[in-house]
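1. Here is a sequence with its predicted model. Questions after.
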Amino acid sequence: MNIEETINNEIKTAMLAKDSKRLEALRAIKSVILLLKTSPEGLTDESVNKALQKEVKKRKESADIYKNQNRPDLETEELSQANIMESFLPKQMTEDEIKSELSKIIASVGATGSADMGKIMGAASKIFAGKADNKLVSTLVKEMLA
């Protein structure tokens with residue numbers, strides 16, 4: 001069963017359960033899928049994961065803004081949608097797993113200092129695609145090269 005069928009089934013289930021919060025998040029995912037179907041990128045597991053990660057990131061950033069503006073009602077709404085969307089993404093790697101992989105990458109590239117950051121990030125972005133946040137990876141690379 002592909003992601004589109006899975007989302008459609010989840011939407012039906014949410015409608016029957018009258019779960020409006022879940023339904024709203026699932027419809028947002030469906031919207032992303034429909035946009036990908038017509039995009040030059042096409043509908044692949046990789047493109048769906050990338051798009052969902054962007055959507056989750058948007059919602060988390062919105063939640064931070066709402067938190068700063070003292071709007072806990074809107075903050076919880078955004079975070080709940082982000083959590084529902086995350087459930088359709090591959091499991092994220094832990095910081096220790098990322099560090100372990102990065103040390104292998106650094107050794108294979110032969111990096112010695114911060115000047116080699118681009119080489120490492122190029123290799124890391126391919127390996128960690130969909131499995132880790134690039135911002136976290138970048139931060140860890142800087143720490144390891146320091």
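-> Everything's here; your move. Remember, predicted model here, so these are calculated numbers, not experimental data. Numbering: from 1, shown residues only.

2. Show me this protein divided up by domain.
-> Residue ranges for each domain of the chain read 3-86, 95-145, as given by automatic domain parsing.

3. Save those domains as TSV, and put in mean neighbour count too.
-> Where C-beta positions appear, they are placed from N, C-alpha and C, glycine not excepted. Formatted as TSV, the entries for those read as follows, by neighbours: other CB atoms under 10 Å:
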stretch	mean neighbour count
domain 3-86	15
domain 95-145	15
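
4. From residue 60, how far off is residue 137?
-> 17 Å (CB to CB, to the nearest Å).

5. To clarify, my last question referred to residue 69.
-> Relative to residue 60, residue 69 is positioned 15 Å away (CB to CB).

6. Can you read off the pLDDT for the residue nearest the centre of the chain?
-> The geometric centre of the chain, computed from its C-alpha atoms, lies nearest to residue 53 (CA atoms, centre = their mean), at 2.6 Å. In the prediction, the pLDDT value recorded for residue 53 is 87.

7. so which helix or strand takes in it?
-> Assignment of secondary structure by DSSP states H and E places residue 53 within helix 45-68.

8. starting at the chain centroid, how far to the helix or strand following that helix?
-> Counting by DSSP H and E, the element after helix 45-68 in chain order, helix or strand, is helix 72-86. Computed by CA atoms, centre = their mean, to the nearest Å, the separation of helix 72-86 from the middle of its chain amounts to 14 Å.

9. what angle do helix 72-86 and helix 45-68 make?
-> 170 degrees (axes from the mean of the first three to the mean of the last three CA atoms, to 10 degrees).

10. and helix 72-86, what does it pack onto?
-> Counting contacts by 3 or more CB pairs under 8 Å, 6 or more residues apart in numbering; DSSP states H and E, the secondary-structure elements packed against helix 72-86 are helix 20-38, helix 45-68.
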